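K.L.:
coordinates for the following, if possible.
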Amino acid sequence: MKILVAIKRVVDPVVRVRPLVDGNGMDIAKARTVTNPFCEIAVEEAVRLKEQGVATEVVVVSIGPPSVQEQLRNALALGADRALHIQTDSSLEPLSIAKVLRVIVSQELPQLILLGKQSIDGDHNQTGQMLAALCGYPQGTFASHIDYKKDEVWVTRELDSGLETLALALPAVITTDLRLNQPRFPTMPNIMKARQKPLEIIALETISMDVQPRLQTLAVEAPKLRQQGVKVVDVAELVDKLRQEAKVL
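P.N.:
As a prediction, this is how the structure comes out:
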């Protein structure tokens, strides 16, 4: 079984980013980047399925500028076999990403497609569902447990009301949640081996696909700073401030 894992490069969550002066976006040109945490979980799960003998090949794919190759090499160091880099300097919306991934799916023909349930920058939580719809594949979102049984994959997913287990016929699309596994760290020998693993670069222009943005960002602003709180001596002073200053009483 071949597994295709889509990963995304995001700004390190510990980095504090600020809006650009002109308000056209966020200033992330020099910010440290990492693999999206949910995508790391997807890679880890694919590698575990390969170690169990369920998968025969793990292919990782990412869309973005040349710097994305750092995250792809990291996935190769974790145990993936091949990497595909869809190179573009444009920032694509979830639907456009799903369309591009659909082309890759049609070329690679994987039996299982894994994605993180969402990216920590946009938090859209849309790409996996859109990809499944475009491919006409069954989907299991927010997976906290995956079990392969014969020609099916059983997915336990987390809902607001509890847990739900789905039996999906292959090929299928699964998006991973935090409690699915704990990603490993790459070892130095595997990091060195990753340099020799194949990484194919595909220009986005060679994929005949409409990826024009459908949304327009009017402005990006930092939230207003809160006023510093004050301490009151007793309830009477609190009520007075609520009545005279806050005007809520």
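K.L.:
identify the residue spatially nearest to Met209, adjacent ones excluded.
P.N.:
Nearest non-adjacent residue to Met209, counting by CB to CB, 6 or more residues apart in numbering: Lys99, 5.2 Å away. C-beta: built from backbone N, CA, C; applies to glycine.
K.L.:
can I get the CA coordinates of the helix or strand where that neighbour lies in PDB?
P.N.:
According to DSSP states H and E, Lys99 maps onto helix 94-108. Taking C-alpha atoms only, helix 94-108 is exported to PDB below (Å, rounded to 0.1, in the frame of the first residue of the first chain):
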ATOM      1  CA  PRO A  94      -7.300  25.600   0.700                       C
ATOM      2  CA  LEU A  95      -9.400  24.900  -2.400                       C
ATOM      3  CA  SER A  96      -6.400  25.600  -4.700                       C
ATOM      4  CA  ILE A  97      -4.200  23.300  -2.600                       C
ATOM      5  CA  ALA A  98      -6.800  20.600  -2.700                       C
ATOM      6  CA  LYS A  99      -7.000  20.900  -6.500                       C
ATOM      7  CA  VAL A 100      -3.200  20.600  -6.800                       C
ATOM      8  CA  LEU A 101      -3.100  17.600  -4.500                       C
ATOM      9  CA  ARG A 102      -5.800  16.000  -6.500                       C
ATOM     10  CA  VAL A 103      -3.500  16.100  -9.600                       C
ATOM     11  CA  ILE A 104      -0.700  14.500  -7.500                       C
ATOM     12  CA  VAL A 105      -3.200  11.800  -6.300                       C
ATOM     13  CA  SER A 106      -4.100  11.000  -9.900                       C
ATOM     14  CA  GLN A 107      -0.500  10.600 -10.800                       C
ATOM     15  CA  GLU A 108       0.700   8.600  -7.700                       C
END
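K.L.:
next SSE downstream of the strand ranked longest in the chain?
P.N.:
In the chain, taking DSSP state E as the definition, the longest strand is strand 139-149. Scanning forward in sequence from strand 139-149 by DSSP H and E, the next helix or strand is strand 152-159.
K.L.:
now do the strands in this protein.
P.N.:
Along the chain, counting by DSSP E, strands occupy 2-6, 9-11, 33-35, 57-64, 82-87, 112-116, 139-149, 152-159, 162-169, 172-176, 199-203.
K.L.:
tabulate the ones you listed (TSV), appending mean pLDDT and mean neighbour count.
P.N.:
Putting these into TSV (pLDDT from 0 to 100; neighbours: other CB atoms under 10 Å) gives the following:
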stretch	mean pLDDT	mean neighbour count
strand 2-6	97	25
strand 9-11	92	20
strand 33-35	92	20
strand 57-64	96	24
strand 82-87	96	21
strand 112-116	96	28
strand 139-149	93	19
strand 152-159	92	18
strand 162-169	94	12
strand 172-176	96	27
strand 199-203	95	13
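K.L.:
export the ones you listed to TSV and tack on distance to Gln227?
P.N.:
Output for the strands of the chain, formatted as TSV (distance: least, CB to CB, whole Å):
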stretch	distance to Gln227
strand 2-6	44
strand 9-11	29
strand 33-35	34
strand 57-64	40
strand 82-87	47
strand 112-116	38
strand 139-149	38
strand 152-159	38
strand 162-169	41
strand 172-176	40
strand 199-203	51
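K.L.:
how far away is the residue nearest to Thr35 when sequence neighbours are not counted from Ala167?
P.N.:
Spatial nearest neighbour of Thr35, excluding adjacent residues (CB to CB, 6+ apart): Gln71 at 4.6 Å. Here Gln71 is placed at a distance of 32 Å from Ala167 (CB to CB, to the nearest Å).
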